[in-house]
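Trainee: sharing a model prediction with you, sequence too.
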Amino acid sequence: MTDENTKPRDSSADLEDMVASSDSGARKPAGMPGKLLVSIAATWSLFQLWIASPVPFILGFGVFSATESRSIHLAFALFLAYMAYPAFKRSPRDRIPIQDWVLATLAAFCGAYMFIFYEGLSQRPGAPILQDVIVGVVGILLLLEATRRALGPPLMIVASVFLIYSLAGPWMPGILSHGGVSLFGLINHQWLTTQGVFGIALGVSTSFVFLFVLFGALLDKAGAGNYFIKVAFSLLGHYKGGPAKAAVVASAMTGLISGSSIANVVTTGTFTIPMMKRVGFSAEKAGAVEVASSVNGQIMPPVMGAAAFLMVEYVGISYVDVIKHAFLPALISYIALVYIVHLEALKANMEGLASSNPPKPLVRKVMGFLGGLLLMMVTAMVVYYGLGWLKPVLGEATPWVVSVGLAAIYVALLKLAAGYPELELDDPNQPIYSLPQTRPTVLVGLQYILPVVVLVWCLMVERLSPGLSAFWATVFMVFIILTQRPITSIFRGRSKMGADLREGVLDLWVGLVTGARNMIGIGIATATAGIIVGAVSQTGVGLVLAEVVEILAMGNLLLILLLTAVLSLILGMGLPTTANYIVVSALLAPVIVQLGAENGLLVPLIAVHLFVFYFGIMADVTPPVGLASFAAAAVSGGDPIRTGFQAFYYSLRTAALPFLFIFNTDLLLIDVTFLQGILIFVVSTIAMLIFAAATQGYMITRSRWYESAVLLLIAFTLFRPGFWMDMIHDPYESMPPAQFVEAMGSADEDSALRIQIAGLDAFGDPMTTYMTVPVPDGDSGQERLDNLGLELLIKGNKAIVDMVAYGSQASDLGFDFDQEIIEVLAPVDRWTKELMWIPAFLVFGLVVMLQRRRRDNTATTATA
């Protein structure tokens with residue numbers, strides 16, 4: 001018999017099995033096989049640290065090419081997949097069957113084939129021999145089986161369909177047919193080049209993702225995960241619906257270092273869901289809050305479920321730019337989720353948990369919050385500007401000075417932490433009736449922020465690659481794991497140096513093993529998703545998908561986006577975040593780019609990739625496959641389908657954001673100044689809170705249906721003021737094509753023209769599309785046209801492309817010979833679109849006044 005507010009004890013094993021099955025492998029063999037399993041996992045981590053470090057280049061030993069590194073990376077992943085993941089549910093968990101030893105060895109050999117026979121393969125590019133094909137066929141089959149074991153059937157089935165499609169092209173019906181590829185051609189493309197399995201996705205997994213996952217595992221093993229949860233509860237647990245608010249913040253912080261929404265659900269949900277139920281949330285709503293906040297962790301920089309590093313390669317912008325563009329929508333989404341939880345608590349008149357903090361007046365609470373916010377801002381500015389100023393002053397000595405300074409700060413923070421009791425791990429099966437005090441909880445773990453400072457320094461100031469930045473942050477994390485216990489014990493006056501050092505080494509070993517085991521699924525997923533990417537490039541199926549979407553949408557822009565969103569949800573079902581992004585970006589991002597341009601929607605590529613990424617990860621929420629919802633329901637004891645639908649309802653704000661930033665790229669901080677960025681953040685946050693209030697049907701009091709409709713309209717206006725301003729005053733002036741040179745000459749240098757062109761696509765079929773043409777430097781229109789690399793032939797009112805300079809800006813934009821310019825749209829001066837915010841805020845004030853009056857009348861009636 002269990003208390004209804006606590007998680008049933010017999011579900012603990014199921015939860016651990018669920019996380020292990022999806023992340024690290026459920027098999028834990030005893031004896032020598034178990035030691036071999038963890039030793040190989042730790043060796044994988046050490047290998048990744050070795051190839052990421054500058055040491056091989058300094059010593060001139062152990063330097064691997066990108067292809068060799070990917071091959072070894074996949075060999076480790078395949079071997080550990082067969083060792084750690086049982087073939088079936090009834091397969092033994094405490095031993096490794098002989099057939100799995102054979103399969104693991106064979107799979108590792110096939111994975112390492114590119115490394116072992118690198119010289120021979122390089123001498124026969126594009127001409128595989130029978131041995132190569134046999135190894136490739138066996139390797140692909142074993143990779144698909146490893147995918148089924150580690151990630152379940154969905155990705156394995158999708159990849160198999162694409163392989164069959166590649167071979168059976170001539171027999172496919174209608175628009176799906178293509179010339180087909182031979183078996184030798186398929187294996188060469190998929191297994192012996194960097195176009196398929198060993199492509200960009202596996203390269204990113206090898207170079208960047210592993211180190212960030214390892215960094216997160218070491219950070220968690222050092223105690224940061226427990227610290228984040230305790231801090232969130234100490235700060236927010238006493239407010240109305242406090243445990244739910246703490247769950248959101250804890251999941252956000254855990255999501256920073258986690259690459260799995262399911263692991264995030266169970267890690268934080270094990271503690272948060274029972275406490276949410278204790279203060280009045282139903283099992284389904286408690287699970288849904290945890291799902292919504294945990295899945296949101298996958299859109300939160302810097303890791304973004306490892307998708308951030310893939311975007312660097314696919315979009316062609318720097319990692320820092322990816323983080324900058326993705327940060328604002330993710331932050332707004334989390335703030336809105338905290339507000340949704342607050343509204344749920346108000347509707348049900350919930351209370352928080354008992355606080356151990358001494359009572360403070362409201363003014364002191366506000367001042368404390370503002371002080372903390374100011375401290376964070378000052379810290380960020382010191383890291384970015386202060387350390388950035390040191391670099392030119394100290395020159396080559398900067399790294400050494402910064403290292404000494406960090407070590408001194410680290411020791412000082414440990415001395416501060418030693419004055420407070422250690423944070424104990426709570427038993428999730430035991431009820432918690434009071435919360436930890438904020439000050440001791442916050443101060444006992446500030447040293448965990450320092451590795452993040454190192455990461456920011458390397459990325460933002462030193463401008464190192466993400467992989468090398470993660471390496472130095474991981475090295476500092478290793479230093480912390482080995483030294484924090486002995487140094488803290490010295491400050492507490494109870495040092496046992498030998499035992500403390502042994503515990504530190506054991507923690508490091510466990511962290512190395514955990515990081516590698518958490519990477520098995522990601523390594524397998526990126527390799528298998530490479531099959532899909534390879535099939536797309538080899539067969540041209542992406543163009544077929546674009547044609548299908550265009551036919552179904554009938555040229556309607558909003559329908560194109562809706563269909564793409566639905567397809568992203570379907571393709572993302574059951575896939576881990578990394579594989580999810582690879583699949584949807586390979587198949588659907590080009591669809592939006594192509595069809596959008598044909599219909600006048602011109603958006604930066606990063607906006608398109610974030611659009612499909614957001615809807616891909618929503619598959620973790622959405623029934624019937626939403627794995628995160630099933631994990632939360634296992635903790636809460638609620639119905640998984642109802643939990644999934646409730647979580648999707650809470651996630652409507654996340655589903656709305658991609659549509660908003662597609663049409664208003666200001667949300668992604670594209671081409672905005674610092675002050676504009678602050679203003680956009682403030683107004684967008686208010687807009688999202690209004691949207692949340694409208695969808696929840698509650699703001700100051702329960703909303704009438706027309707108030708919810710008006711609130712939605714206000715939120716839309718605040719998010720996209722240009723929609724209404726375009727109706728009042730068109731932002732572009734249409735000019736005849738023959739006046740293209742004149743339009744180029746009269747436009748401002750920092751502006752751009754929009755033009756519609758007609759010509760032939762890559763297959764020789766007629767096409768019409770739009771493009772944005774930046775205005776280059778030049779004193780006249782003709783000079784600017786020359787600098788663009790474009791020559792036009794004017795025939796009456798027609799303008800035809802006569803010449804495109806090779807390697808010019810015009811060539812990069814997509815201009816080609818004999819294209820005809822159909823329309824020229826030149827920007828015009830008009831009122832700033834932000835003026836539409838004024839009537840929106842006035843109407844919002846009216847709604848607030850109506851709701852206040854109704855609440856006061858209700859309170860007066862109740863009193864009487």
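Mentor: Here it is on my side, so go on.
Trainee: C-alpha from now on. contacts and neighbour counts both.
Mentor: Fine.
Trainee: any weak-confidence spans in the stretch 201-350 of the chain?
Mentor: Applying pLDDT under 70 to the stretch 201-350 of the chain flags residues 255-261, 263, 267, 303, 305-306.
Trainee: 90 - rerun?
Mentor: Applying pLDDT under 90 to the stretch 201-350 of the chain picks out residues 201-205, 207-350.
Trainee: spatially nearest residue to the residue nearest to the spatial centre of the chain, not counting backbone neighbours?
Mentor: Centroid-nearest residue in the chain, with CA atoms, centre = their mean: residue 304, separated by 2.5 Å. Nearest residue to residue 304, sequence neighbours excluded (CA to CA, 6 or more residues apart in numbering): residue 298, at 4.5 Å.
Trainee: checking that neighbour next. Helix, strand or coil?
Mentor: Recorded secondary structure, residue 298: helix (DSSP: H, G, I helix; E, B strand; the rest coil).
Trainee: gap between it and residue 206?
Mentor: 20 Å (CA to CA, to the nearest Å).
Trainee: more neighbours: which of those two?
Mentor: Neighbour tally, residue 298 and residue 206, criterion other CA atoms under 10 Å: the higher count belongs to residue 298, 30 against 25.
Trainee: can you show me the helices along the stretch 201-350 of the chain?
Mentor: 210-222, 224-236, 242-255, 261-278, 283-296, 307-315, 319-348 (DSSP state H, counting those that start in this stretch).
Trainee: now those helices as a markdown table including distance to residue 605 and mean neighbour count?
Mentor: Rendered in a markdown table, the data for the helices of the stretch 201-350 of the chain read as follows (distance: least, CA to CA, whole Å; neighbours: other CA atoms under 10 Å):
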| stretch | distance to residue 605 | mean neighbour count |
| --- | --- | --- |
| helix 210-222 | 25 | 25 |
| helix 224-236 | 34 | 23 |
| helix 242-255 | 25 | 29 |
| helix 261-278 | 25 | 27 |
| helix 283-296 | 22 | 31 |
| helix 307-315 | 6 | 22 |
| helix 319-348 | 11 | 21 |
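Trainee: out of those helices, which gets nearest to residue 61?
Mentor: Of all the helices of the stretch 201-350 of the chain, it is helix 210-222 that lies closest to residue 61, at 21.0 Å by CA to CA.
Trainee: before we move on, the earlier item: confirm for me that the residue nearest to the centre of the chain is in contact with residue 297.
Mentor: Yes. Under the criterion of CA atoms under 8 Å, residue 304 makes contact with residue 297 at 7.0 Å.
Trainee: where are the low-confidence patches of the stretch 751-864 of the chain?
Mentor: Applying pLDDT under 90 to the stretch 751-864 of the chain flags residues 751-835, 854-864.
Trainee: the helices in it, which residues?
Mentor: Taking DSSP H, counting those that start in this stretch to define them, one finds helices in the stretch 751-864 of the chain at 781-788, 809-813, 837-863.
Trainee: take these and write them to TSV, including mean neighbour count and distance to residue 166.
Mentor: Formatted as TSV, these follow (neighbours: other CA atoms under 10 Å; distance: least, CA to CA, whole Å):
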stretch	mean neighbour count	distance to residue 166
helix 781-788	19	40
helix 809-813	16	30
helix 837-863	14	52
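Trainee: which one, of those, ends up nearest to residue 525?
Mentor: Using CA to CA, the helices of the stretch 751-864 of the chain put helix 809-813 closest to residue 525, at 32.8 Å.
Trainee: outside of that closest one, which residues touch it?
Mentor: 771, 773, 788, 789, 790, 804, 805 (CA atoms under 8 Å, 6 or more residues apart in numbering).
Trainee: just stretch 712-723 next, same as before
Mentor: 660, 663-664, 683-684, 687-688, 690-691, 694, 724, 833-837, 840-841, 843-844.
Trainee: from these, list the buried ones, please.
Mentor: 660, 663-664, 684, 687-688, 690-691, 694, 833, 836-837, 840-841, 844 (16 or more other CA atoms under 10 Å).
Trainee: picking up where we left off before, residue 455: which of the helices of the stretch 751-864 of the chain is closest?
Mentor: Nearest of the helices of the stretch 751-864 of the chain to residue 455, taken as CA to CA: helix 809-813 at 34.3 Å.
Trainee: ok, back up a step: relative to residue 214, which of the helices of the stretch 751-864 of the chain is closest?
Mentor: Minimum separation from residue 214 across the helices of the stretch 751-864 of the chain (CA to CA) falls at helix 809-813, 38.7 Å.
Trainee: kindly format the C-alpha coordinates of the closest one as PDB.
Mentor: Only the C-alpha atoms of helix 809-813 are listed here, as PDB (Å, rounded to 0.1, in the frame of the first residue of the first chain):
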ATOM      1  CA  GLN A 809      27.700  37.500 -54.900                       C
ATOM      2  CA  ALA A 810      25.100  37.200 -57.600                       C
ATOM      3  CA  SER A 811      26.200  33.600 -58.300                       C
ATOM      4  CA  ASP A 812      26.000  32.800 -54.600                       C
ATOM      5  CA  LEU A 813      22.500  34.200 -54.500                       C
END
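Trainee: what sits against residue 295?
Mentor: 261, 264, 617, 618, 620, 621, 628.
Trainee: which of these ranks first by neighbour count?
Mentor: Neighbour max across the contacts of residue 295 (other CA under 10 Å) = residue 628, 34 neighbours.
Trainee: what's the helix or strand for that residue?
Mentor: According to DSSP states H and E, residue 628 maps onto helix 627-636.
Trainee: just name whatever secondary elements the next helix or strand after that helix is in contact with.
Mentor: Per DSSP H and E, the first helix or strand lying C-terminal to helix 627-636 is helix 640-650. Secondary-structure packing of helix 640-650 (3 or more CA pairs under 8 Å, 6 or more residues apart in numbering; DSSP states H and E): helix 283-296, helix 627-636.
Trainee: quick one: residues in contact with helix 640-650.
Mentor: With contact meaning CA under 8 Å, 6+ apart, helix 640-650 is reached by 284-285, 287-289, 291-292, 337, 340, 618, 621-624, 626, 629-630, 632-634.
Trainee: any idea how far residue 150 is from residue 790?
Mentor: Taking CA to CA, one finds residue 150 at 53 Å from residue 790.
Trainee: which one of those two is surrounded by more residues?
Mentor: Between residue 150 and residue 790, counted using other CA under 10 Å, the more crowded position is residue 150 (28 against 22).
Trainee: my read: residue 756 touches residue 824, true?
Mentor: Yes. Residue 756 lies in contact with residue 824 (CA under 8 Å); the separation is 6.7 Å.
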